[in-house]
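Student: how does the following fold in three dimensions:
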Amino acid sequence: MILTGRFLPGLLCLLLALGCASSQIPEVDDSPRIDNGAGETRWTAESGWILPASDEWGATARVRLEALKAFEAGAYADALAALRFLEESPAAAKMLDLRFYLGECCYQLGRYEDALEYYRKVYQVDFPSPEFIDKARRRVFEIALAYLKERKTRSMLKVFKVASPDYGIDILLDPADGLVTENPYISFADDAYMEVANYYFDQGQYAESVLLYDSIVKMLESEWKELAEYRSALAEYLQVRGAVYDENKLLQARRRFKNYLQSFPRGEYWEAARAKLREINELEGEKNLKIAKFYLKESELRACEIYLRVVLDNFPNSLAAREAREIRNRIEKTSNQ
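Tutor: Next up, the predicted model:
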């Protein structure tokens, strides 16, 4: 469909309204306060920057000192202006924390895509600063969550602000960021795994979620181990559809629910796991009962009896077992006549 000019203004307003409604972390004014005066470069909470002359920041050491003062005071727009000056200076290479603080300023101002660029430079350079690597990665993780949970929107075509949970997933899975990793030195790796696994689970991508839940279960320590083990079983089970199903998936689900019950005998999801095992019994009983009915219809009574016995022996408390008993009783009555 081709949109004519008279429809476009309304469409633009609608898209902008939808985008703005979903954003809870807006960008804020990042215009620095800069004025000229006498003496050395200085920053004050009341006036902002006072420069010796227009666009003359002065000695980098002095600017750095005053920029950190502005940062600590929460004047992130003022700090960002000075840090960007330092970024362009020859002294930038010796300031190992410079890019981290640039990222922090952008983060606090709600400029997440700019913040991402700076944080990634912290740990993607040839000789990263160990002190700031984990801090930068943690911020990248927080930014990914903001997009994933739709607390932050992305700019599209420099006009629209749209929710973008997929962008959050892209950040989490980016190998350059190394967030979804089994690296024990990343303290929140299990959190990153869990967020991606839950996203796949909620999207119905159960096979993908199982792989990530399994990675959490294998970790030495994680607060998510119980939930991951239960959800991996549930994800296997949700891949089963109706009485005609992939039996291997059902067996995997049964095994996983049993493993959960053994690993967490007083677990939060213990009753739910037992209920799912009962549902699995019903499915298996129903499948074997259908086969028994098929053979009964074909007058293959011996084969019918075999499958009735499977239902009665293996799933005695199922609804299928109740019907199997009725069928067997009818067969016996007919045989005795």
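Student: low pLDDT regions in this protein?
Tutor: Within the chain, the ranges that satisfy pLDDT under 70 run 1-24, 29-30, 38, 54-55, 126, 155-163, 182-185, 241-245, 337.
Student: and stretch 122-134, how far from the chain's centre?
Tutor: Its chain's C-alpha centre and that of stretch 122-134 lie 24 Å apart, by Cα atoms, centre = their mean, to the nearest Å.
Student: renumber starting at 196 from here on
Tutor: With 196 as the first residue, the last one maps to stretch 317-329.
Student: what segments of the stretch 296-445 of the chain are helices?
Tutor: With DSSP state H, counting those that start in this stretch as the criterion, the stretch 296-445 of the chain has helices at 307-319, 325-343, 360-368, 384-397, 401-413, 420-432, 442-458.
Student: winner for burial among these?
Tutor: helix 420-432 (a mean of 24; mean count of other Cβ atoms under 10 Å). For glycine as for every other residue, the C-beta is placed from the backbone atoms N, C-alpha and C.
Student: for the helix or strand hosting Leu278, which helices and strands make contact with it?
Tutor: Applying DSSP states H and E as the criterion places Leu278 in helix 271-282. In terms of contacts (3 or more Cβ pairs under 8 Å, 6 or more residues apart in numbering; DSSP states H and E), helix 271-282 is packed against strand 243-246, helix 255-267, helix 293-303.
Student: and the residue nearest to the spatial centre of the chain, what does it touch?
Tutor: Nearest to the geometric centre of the chain sits Glu390, at 2.8 Å (Cα atoms, centre = their mean). Taking Cβ atoms under 8 Å, 6 or more residues apart in numbering, we find Glu390 in contact with 339-340, 343, 367.
Student: and the two most separated of those residues?
Tutor: Leu340 and Leu367 (8.4 Å; Cβ to Cβ).
Student: any idea how this protein splits into domains?
Tutor: As recorded under automatic domain parsing, the domains making up the chain are 388-463, 475-531.
Student: how far does the longest one sit from the chain's center?
Tutor: For domain 388-463, the separation from the chain centroid amounts to 16 Å (computed by Cα atoms, centre = their mean).
Student: neighbours of Asp508, just the number please.
Tutor: 9 (other Cβ atoms under 10 Å).
Student: how far away is it from Ala519?
Tutor: Noted for Asp508: a distance of 10 Å to Ala519, by Cβ to Cβ, to the nearest Å.
Student: just curious, which of the contacts of Glu390 is nearest to Glu283?
Tutor: For these, the nearest to Glu283 is Ala339 (28.9 Å; Cβ to Cβ).
Student: enumerate every residue touching that closest one.
Tutor: 363-364, 366-367, 374, 387, 390.
Student: that older thread, got the helices of the stretch 296-445 of the chain as a markdown table, with distance to Leu263 columns?
Tutor: As requested, these are arranged in a markdown table below (distance: least, Cβ to Cβ, whole Å):
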| stretch | distance to Leu263 |
| --- | --- |
| helix 307-319 | 16 |
| helix 325-343 | 14 |
| helix 360-368 | 28 |
| helix 384-397 | 30 |
| helix 401-413 | 39 |
| helix 420-432 | 41 |
| helix 442-458 | 49 |
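Student: I'd guessed Arg259 sits against Lys289; true?
Tutor: No. When contacts are counted by Cβ atoms under 8 Å, Arg259 is not listed as touching Lys289 (10.3 Å).
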